[in-house]
Structures are given as C-alpha cells and as structure tokens.
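1. Take this sequence and fold it.
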Amino acid sequence: MKLEYRKLANQLMFDLSEEEIMELDREFETLLKQIDLLDSIDTEGVEPMVYPFQQATSYLREDEVDEVITQEEALSNVHKTRARHVLVPKVVK
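-> Sure, this is the predicted structure:
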C-alpha cells in the first residue's frame, strides 16, 4: 500500500515523507474499520431516505435580491482581469 501512496503523490506532483506515508496508512486502516462497522449494520427493511429530515424544512428564508452591485464595482479591487472576468494564476499544469 505504501508504494501506492508514493505513486499517487508523484502523480499529484508532491512528495511524501516516510512519516506521512505511515500516517496515511494508519488513517486508511481506521477508515476501513469504520466501513466494516457500517457494513455490519442490519438495514433489512429500512427504507432509503431521499432527504435527511422527516419533515420539510419550512424555516429557510426565501431568496431576495438585496443590494446588487455592478460588474464594474465587483471588479474594482481585482488585480487582473480579461474580458471583464477575474484572471487568476493557473494552478494545475
């Protein structure tokens, strides 16, 4: 498994120390134990939930338009723009 961590890290263009690999291995083992625990729960006869609450949420407010700014105002503090859009540095090679 350690080789897989190192290979994946290499593909993502960063290095892992031996300590970081050991920590990842421990965390992954913990995750697998938690998944095994969830798999052991008898869910026979339990209906799947579409929404996590039994009742519809009525306490959410309606969306209301309030204090709209222009595109010029939105871009006024932006360092670089192109075609009236925010220009950010490329983060993925």
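
2. Now do the residue nearest the centre of the chain, the pLDDT please.
-> Compute the mean C-alpha point of the chain, and by Cα atoms, centre = their mean the closest residue is Leu12, 16.5 Å away. We have a pLDDT of 90 for Leu12.

3. Give me the residue ranges of this protein where confidence is low.
-> Along the chain, the model assigns pLDDT under 70 to residues 56-58.

4. what's next to the longest helix seen in it, contact-wise?
-> Assignment by DSSP state H gives helix 18-39 as the longest helix of the chain. The set of residues external to helix 18-39 that reach it, using Cβ atoms under 8 Å, 6 or more residues apart in numbering, is Met1, Lys2, Tyr5, Arg6, Leu16. For glycine as for every other residue, the C-beta is placed from the backbone atoms N, C-alpha and C.

5. Mind telling me what element the residue sitting furthest away from the middle of the chain is part of?
-> Distance from the C-alpha centroid of the chain, by Cα atoms, centre = their mean, peaks at Gly45 (31.7 Å). Here Gly45 sits in a region with no helix or strand, counting by DSSP states H and E.

6. so how far is Arg26 from it?
-> Using Cβ to Cβ, to the nearest Å, Gly45 is found at 36 Å from Arg26.

7. coming back round to it: may I see the contacts of helix 18-39 arranged in JSON lines, with neighbour count, distance to Val86 and secondary structure as well?
-> Listed next are the contacts of helix 18-39 as JSON lines, based on neighbours: other Cβ atoms under 10 Å; distance: Cβ to Cβ, whole Å; DSSP: H, G, I helix; E, B strand; the rest coil:
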{"residue": "Met1", "neighbour count": "10", "distance to Val86": "41", "secondary structure": "coil"}
{"residue": "Lys2", "neighbour count": "12", "distance to Val86": "41", "secondary structure": "helix"}
{"residue": "Tyr5", "neighbour count": "17", "distance to Val86": "35", "secondary structure": "helix"}
{"residue": "Arg6", "neighbour count": "15", "distance to Val86": "36", "secondary structure": "helix"}
{"residue": "Leu16", "neighbour count": "17", "distance to Val86": "33", "secondary structure": "coil"}
